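J.: Predicted coordinates and the sequence they were generated for:
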Amino acid sequence: MTTFMQQPLAAAPRAAPGWLADTLRRGQTAWSERRMPTRKTEAWKYNDLRALQHSFTPPTAGAPPTLEGIDLPQLAGSRLVFTDGVYCADSSSLALPEGVQLVRFADADAEEAAAIVARLGTAVNHGRHVFAPLNDATLADGVFLRVAADTVVDQPVHIVWLTSGRADALGVTQRLLVDMGTHSQATVVETFANTETGGVAFTNGITELLLAEGAHLQHNRLHLEHGRAVHIGGVHALLAANANLNSFHLALGSDLKRIDIVVQHEGPGAHSDVNGIYLPRNEEQVDYHTCIEHAVPHCTSNETFRGIIADQARAIFNGRIHIHPDAQKTRAQLSNKNLLTSNEAEVNTKPELEIYADDVQCAHGATVAQMDATALHYLRTRGVSRAEAEVMLSYGFVNELVGAVPCEAVRDYLKPLLAKRFARTPKLARHLT
Amino acid sequence: MMLKIDNLHARVDGKDILKGLDLEVAPGEVHAIMGPNGSGKSTLGHVLAGRPGYQHTAGSAMLLGQDLLALETEERAHLGLFLAFQYPVEIPGVSNMEFLKAAVDSSREARGEKPLDSVSFMKRARAICEEVDLDQAFLKRGVNEGFSGGEKKRNELMQMMLLEPKLCILDETDSGLDIDALQRVAEGVNAMRDGKRAFVLITHYQRLLNYIEPDHVHVLSGGRIVRSGDKSLAHELEEKGYSWLEDVA
């Protein structure tokens, strides 16, 4: 792993704006002091990091991948597209209502740069997240979305991060910083996808969501990468008083995906819903590590993750709820359910509660099961074939979470995507709604 | 003959439950199978429907001349068998509507018919919903999810009416129903009697038979039919209970 640890320092990132110099330097210093996690590192003990055994290099000049053949959500509103870490103006469209700024780091003016520098990294616990300094160290561009106070954005803002396997081992850094002003409202969709893979594409991604008092954000992070794509990254959210975050996650499998989600409730009355679906198959690996922090009283959080693990795939789910001593009257719940559809599929799930306040309501649960034989039989007694019944039950297992996504356009995109995922033939998906 | 069961033996969890059951049901007939708890009534329904874990060890069961026990569960349904469950299964996430449409289309396909278009299907589903007195909202809910006992039984009835099976087995459909719900279910069954369709009513109590009049009543005990008669046998059982059967068996 030595080559992996040293490569970002050897290969300087593409020209980053000068005002990011401090961030890069801090990142490089911190990264040079990091040790690669091993099987003995508690938070990484189930991860197989062999997919990182490459010397990743930033993309060089050459034709960037195109969006052709990639099934992306078709959403009204603004869309920013990055291909192999490079902004792609041709595929992007900006239609921003008043009160909304959507700025690339590379394009930021002095005021915007100052706003970015003041906020960047404030939601990330660099000590806890091994790969976060790597993101800082290799940062060349990113997206800053700022929604002014009391502004309501109706149309979703869609950001597409696309990678290719055109190089042997491509390293891409993704960064999104969302700053929601007091009582503002917006929907953000992040889609990660890759073209037919040749080489490995490694994305190191960090999304920071800063919600000021009373802000409402609906955030969707869709990981569609497949094949040899590797993604290590996370979503880090800070919620001020009465802020409301609804964050939906989807991960189809690939060689390695490790997503850390941290939501910090820092003002009374803040609420978060964090839901997710993971669907690894073949020999794919998906890991969601979530941490819900309750630092102050009167906050609520709901978290539901469901996974269907097929073939020889492996999933890891770790759900931590941390209720600090002052966080009285917290209500927090966490549920993780897993469906194993093969004898060789594996899931490691661990809900963790750490409660230091005495007047709280906290519930958690995790289940691992096979396809419900009784339900399967019931469908078959009504004439439904075994194959179609299995598709209906798989789809049904995650359908509730899709149904709970507030953004209709995202729901409409996800339903056929999942139907196709579960059904080998269109006919088997014909009754899914 | 609609159904011909000959010397049927079946085992559940390594325990012999059916021990030589014989039964013949002709088209258009209604048969009631009564018996004490543990006599094998529900096992009979499950074995005929092919439930996993219900192992057929000897004897035969023919539906319309075909060896029922050699078929997959869904093929039995396509042939015209319907089992109304005593405990209908809750399937959250699968809408009742998609479930019903999948069931109807599968059976039509097996008969070489085209699937119903959505509009015709919806129309039919809504009409039947009304007939069994289920709110249309139930079509959008998960299959049996959060349904009351009576609603689940009416949902079974709705499936039966949509699928138009040739042989309907109702497994303790009366259990857990209040008198209004029981009457509603009975009306539905009676409306489906057309001189060709046959019914097997599995029940512990005579009560259901006040509303659905059987042609034949059988008493199941110790895994075999120990007595058969007309509807007066049901009244006799109601008076005497099941304890006297032990002497017969």
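T.: Perfect, thanks for sending it.

J.: So A:R411 lies in a helix, does it not?
T.: Yes - secondary structure of A:R411 (DSSP: H, G, I helix; E, B strand; the rest coil): part of a helix.

J.: how much space between it and chain B?
T.: Distance from A:R411 to chain B, counting by CB to the nearest CB, to the nearest Å: 14 Å. Every C-beta, even on glycine, is put in place using the N, C-alpha and C of the backbone.

J.: what does A:V405 give?
T.: For A:V405, the distance to chain B equals 14 Å [CB to the nearest CB].

J.: What of A:A404?
T.: Distance from A:A404 to chain B, by CB to the nearest CB: 11 Å.

J.: Can you tell me, leaving aside adjacent residues, what's nearest to that residue?
T.: In space, and not counting its chain neighbours, A:A404 is closest to A:N275: 6.2 Å by CB to CB, 6 or more residues apart in numbering or on different chains.

J.: For residue 81, report the pLDDT, please.
T.: Unless you meant another one, I'm taking chain A. Turning to A:V81, the model gives it a pLDDT of 94.

J.: Not quite, go with chain B.
T.: Listed pLDDT for B:L81 reads 98.

J.: distance of the closest residue to it other than its chain neighbours from B:S106?
T.: Among residues not flanking B:L81 along the chain, B:L167 sits closest, at 5.4 Å (CB to CB, 6+ apart). Per CB to CB, to the nearest Å, B:L167 is found 17 Å from B:S106.

J.: do A:A251 as well
T.: The value you get for A:A251 to B:S106, if CB to CB is used, is 32 Å.

J.: cool, A:I321 as well?
T.: Going from A:I321 to B:S106 by CB to CB gives 44 Å.

J.: ditto for A:D141
T.: Applying CB to CB, the value for A:D141 to B:S106 is 53 Å.

J.: Ok, B:K114 next?
T.: In this view, B:K114 and B:S106 are 13 Å apart by CB to CB.

J.: quick one, which of these two is more surrounded?
T.: Ranked by neighbour count (other CB atoms under 10 Å in any protein chain shown), B:K114 and B:S106 place B:S106 first, with 24 against 8.

J.: Excluding covalently adjacent residues, which one is nearest to that one?
T.: Nearest non-adjacent residue to B:S106, counting by CB to CB, 6+ apart: A:G383, 4.1 Å away.

J.: The one you found touches B:K101, doesn't it?
T.: No - the criterion here is CB atoms under 8 Å, and A:G383 misses it with B:K101 at 11.5 Å.

J.: What ranges in chain B fall below the confidence cut-off?
T.: Within chain B, the segments meeting pLDDT under 70 span B:245-249.

J.: Go again with 90.
T.: B:36-38, B:115-116, B:131-134, B:149-150, B:174-185, B:188, B:204-207, B:234-249 (pLDDT under 90).

J.: For it, which segments count as helices?
T.: Secondary structure of chain B (DSSP state H): helices at B:41-49, B:73-79, B:96-110, B:118-131, B:137-140, B:149-163, B:179-192, B:232-240, B:245-248.

J.: Please indicate which of these has the most neighbours on average?
T.: helix B:41-49 (a mean of 24; mean count of other CB atoms under 10 Å in any protein chain shown).

J.: Spell out which residues of the stretch 301-433 of chain A are next to chain B.
T.: The interface of the stretch 301-433 of chain A toward chain B, taken as CB under 8 Å from any CB of the partner chain, is made up of A:372-375, A:377-386, A:388, A:392-393, A:395-400, A:430-433.

J.: run the last query once more with 10 Å
T.: Residues of the stretch 301-433 of chain A found near chain B (CB under 10 Å from any CB of the partner chain) are A:306, A:372-389, A:391-403, A:427, A:430-433.

J.: now, which of these lie within helices?
T.: With DSSP H as the criterion, helices contain A:373-381, A:386-389, A:391-403 from among these.

J.: Start from the N-terminal end of the stretch 1-150 of chain A and give the strands.
T.: Secondary structure of the stretch 1-150 of chain A, counting by DSSP state E, counting those that start in this stretch: strands at A:79-83, A:86-87, A:100-104, A:143-147.

J.: Indicate which one of the ones you listed is closest to chain B.
T.: Closest to chain B of the strands of the stretch 1-150 of chain A, according to CB to the nearest CB: strand A:79-83, at 30.9 Å.

J.: Remind me what the closest one packs against, helices and strands.
T.: Judged by 3 or more CB pairs under 10 Å, 6 or more residues apart in numbering or on different chains; DSSP states H and E, strand A:79-83 is in contact with strand A:100-104, strand A:143-147, strand A:157-163, strand A:169-180, strand A:185-194.

J.: who's in contact with the first one?
T.: Contact partners of strand A:100-104, identified using CB atoms under 10 Å, 6 or more residues apart in numbering or on different chains, comprise A:17, A:77-80, A:82, A:87, A:92, A:94-96, A:108-109, A:112-113, A:115-116, A:141-148, A:151, A:153, A:155, A:157, A:159, A:177, A:179, A:184, A:186.

J.: What values do phi and psi take at the closest residue to B:L220 other than its chain neighbours?
T.: Spatially, and ignoring its direct neighbours in sequence, B:L220 is nearest to B:G35 (3.6 Å; CB to CB, 6+ apart). As for B:G35, its main-chain torsions (degrees, to the nearest 10) stand at phi 160, psi 160.

J.: on that earlier part again, which members of the contacts of strand A:100-104 are classed as buried?
T.: For the contacts of strand A:100-104, a neighbour count by 16 or more other CB atoms under 10 Å in any protein chain shown gives the buried set as A:17, A:77-80, A:82, A:87, A:92, A:108, A:112-113, A:115-116, A:141-147, A:151, A:153, A:155, A:157, A:159, A:177, A:179, A:184, A:186.

J.: In the stretch 201-350 of chain A, what residue lies closest to chain B?
T.: A:R306 (9.6 Å).

J.: That residue contacts A:V368, doesn't it?
T.: No - using CB atoms under 10 Å, A:R306 is not in contact with A:V368; the gap is 11.3 Å.

J.: any shared contact partners between the two?
T.: Common neighbours of A:R306 and A:V368 (CB under 10 Å, 6+ apart) are A:F317, A:N336, A:K337, A:N338, A:L339.
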